[in-house]
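[1] Next input, structure requested:
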Amino acid sequence: MKSRLLFLSLLAGGSVYAEPLPLPPAVDNATYPSAPGGVKAPPSPNALYELMGRMDQLQLEVQQLTGKVEEQTYLITEMKKRQSTMYADFDERIQVLEKKLEGTAGQTGGAPAEQTSGEIKPDAAASSPAPEAGKEPAAPATPSENVPAESKPTPAPVATDEKQPYQHAYDELRNGHTNQAITEFKDLLSKKPNSEYASNAQYWLGEAYRVNQDVESSRKAFTAVVDNYPGSPKVPDALLKLGYIEIEQKNLPKAREYLTKVTVAYPASTAAHLAAKKLLSIEPPKAETLR
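    As a prediction, this is how the structure comes out:
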C-alpha cells in the first residue's frame, strides 16, 4: 500500500516539474524577400501635396482654354455681325449707284424722243389747209403712232456678269459654306482679276481661308489685296487681318508692324481704330537686362 502511494506521489511530482513543450521557432520576415503583390506603404504628405498641385495646374489650364474658346466665339460672332453690316452697306451703295446710272441714262436717252414727238415744223403748219367751217379739226396723231417708243436703258451687262458670281460666292460664305465660297472666289479672280469686285473677292477669300484655319493661304490672300489692289478700300482691313494672324502665330513684332501701318497710313478708317486697340492689348517687348 505504501509503495503504491509513493509511486503515485512520484508520478504527480514528475508531471508538475516536467519540462514544457518547445515552441515553434520565430520566423524573421526580414530574411525573406517581399512578395510582389504586397501592400504598399501609404503615400507621404509630400506626394499628396504634389498631386494637389498638379490638379490645380490642370484646373488652371482648363480655365485658360475655356477662356480662349469664349474669346474665339466672341470674335467669330463679332466678325459675322461686321460682315452682315458691311454687306448691307455695300449692297445699299451698289443699289444707289445703279439708280443714279439708270436715271442719267433715262434723261439723256429720253430727251430726243420728247422733242421729236412734240415738235411742229413751221412749214408743215403753213402747208396744212385750214379746217372747213362746220367741221371739227382732226385730232393730232399721238406720239406713239408717229414715233416708236424707245426701250428703257439697261445697265451694262459686264457689271451684272461680274456682280452675280461675286454675290453668290459671298452668300455662300455668309451661310457657312466656306469651301464652296473659296472655289467661287478663286474662279472669279481667275476669270476677272481686274473687275471692280476683284479686291473684295480677294479679301473675302482670305476670310474664308481664315475660317477654315488655313493660316498660310489666308496670309497669302490678304497680302494679295495689299500688293495687287493698293487703291482698294479693303487694304486697311487686309492689313488688320494680317496683324491678327501674326498675333495668333505669336509673331508679335510682325503683328505690330502691320497694325502700326494701318494706324499711320489709314488713320481715319475703322480698321485703324481696331488696330490701335489691338496694339494696346499686345504685351510690349521686354527689354533685355544688362548683365
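[2] R174 and V215, how far apart?
    22 Å (CB to CB, to the nearest Å). C-beta: built from backbone N, CA, C; applies to glycine.
[3] try G176
    20 Å.
[4] who's more crowded, the two?
    The neighbour comparison of G176 against V215 (other CB atoms under 10 Å) goes to V215, with 14 against 10.
[5] nearest residue to the more buried one other than its sequence neighbours?
    I245 (6.3 Å; CB to CB, 6 or more residues apart in numbering).
[6] Could you pull out the helices in the stretch 101-250 of the chain for me?
    122-127, 143-146, 157-174, 178-191, 198-211, 215-228, 235-248 (DSSP state H, counting those that start in this stretch).
[7] mind giving me TSV with these and columns for distance to M52 and mean pLDDT?
    TSV is the format used below for these (distance: least, CB to CB, whole Å; pLDDT from 0 to 100):
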stretch	distance to M52	mean pLDDT
helix 122-127	110	40
helix 143-146	95	44
helix 157-174	48	81
helix 178-191	45	94
helix 198-211	41	95
helix 215-228	38	96
helix 235-248	34	96
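[8] Save these as CSV, and put in distance to K277 too.
    Formatted as CSV, the helices of the stretch 101-250 of the chain follow (distance: least, CB to CB, whole Å):
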stretch, distance to K277
helix 122-127, 74
helix 143-146, 63
helix 157-174, 25
helix 178-191, 27
helix 198-211, 19
helix 215-228, 19
helix 235-248, 11
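[9] how about those helices, which one is nearest R54?
    helix 235-248 (28.8 Å; CB to CB).
[10] what does that closest one contact?
    203, 206-207, 210, 215, 218-219, 222-223, 225-226, 229, 252, 254-256, 258-259, 261-262, 265-266, 269-272, 274-275, 278, 282 (CB atoms under 8 Å, 6 or more residues apart in numbering).
[11] what inclination does that helix have with respect to helix 198-211?
    20 degrees (axes from the mean of the first three to the mean of the last three CA atoms, to 10 degrees).
[12] Quick one: list the elements packing against the helix or strand just after helix 235-248.
    Sequence order places helix 252-265 as the next helix or strand after helix 235-248, per DSSP states H and E. Using 3 or more CB pairs under 8 Å, 6 or more residues apart in numbering; DSSP states H and E, the elements in contact with helix 252-265 are helix 235-248, helix 270-281.
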